[in-house]
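K.L.:
Here you go, sequence then predicted model.
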Amino acid sequence: MAWRIAEQLPGVERLMPKYGEDWNERLMCPENAKSTPHNAVMKQLWQWHLTAKLLGRSNAYLSRITEVAQDVVKGTPLSDQATAAMLRDTSCLSKTKGKDRIAIRTPQTAVEMER
């Protein structure tokens, strides 16, 4: 019923899921989702974007990551430069987290020793 009304509006497009018969089936059975190499790359790009944001990278840098992701969606393979930058940011974040953990653990250890 709602689709019949929506069809009458100009510019309305009906979206269909890539797998399953309709959106309800997709929501009910997410395990049917196929994991493809493309999905894995996109997941890495989203993680890279989040990592860069946590590291306080500039908006221009974050926009460039978005552009790289859009190129990957269009079929362009991930460049060596993008891969290197992704690895650099990921390792930088893991080093930062490690330092935070040490800083957090040290006072806790001192408090535990005083008790």
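P.N.:
Arrived safely.
K.L.:
avg pLDDT for the host helix or strand of residue 64?
P.N.:
Per DSSP states H and E: residue 64 is located in helix 59-73. For helix 59-73, the mean pLDDT works out to 92.
K.L.:
List the contacts of that helix.
P.N.:
38, 41, 42, 45, 46, 48, 49, 52, 53, 78, 79, 82 (Cβ atoms under 8 Å, 6 or more residues apart in numbering). Every residue, glycine included, has its C-beta placed from N, CA and C.
K.L.:
could you redo the last one with a cut-off of 6 Å?
P.N.:
With Cβ atoms under 6 Å, 6 or more residues apart in numbering as the test, helix 59-73 has contacts from 41, 45, 48, 49, 52, 82.
K.L.:
quick one: which two of those are the most distant?
P.N.:
Within the contacts of helix 59-73, 41 and 52 form the most distant pair, 16.3 Å apart (Cβ to Cβ).
K.L.:
neighbour count winner among the two?
P.N.:
residue 52 (21 against 15; other Cβ atoms under 10 Å).
K.L.:
Could you pull out the helices in this structure for me?
P.N.:
2-7, 23-28, 37-54, 59-73, 80-114 (DSSP state H).
K.L.:
Output the ones you listed as a markdown table; include the columns distance to residue 14.
P.N.:
Below are the helices of the chain laid out as a markdown table (distance: least, Cβ to Cβ, whole Å):
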| stretch | distance to residue 14 |
| --- | --- |
| helix 2-7 | 7 |
| helix 23-28 | 11 |
| helix 37-54 | 24 |
| helix 59-73 | 21 |
| helix 80-114 | 35 |
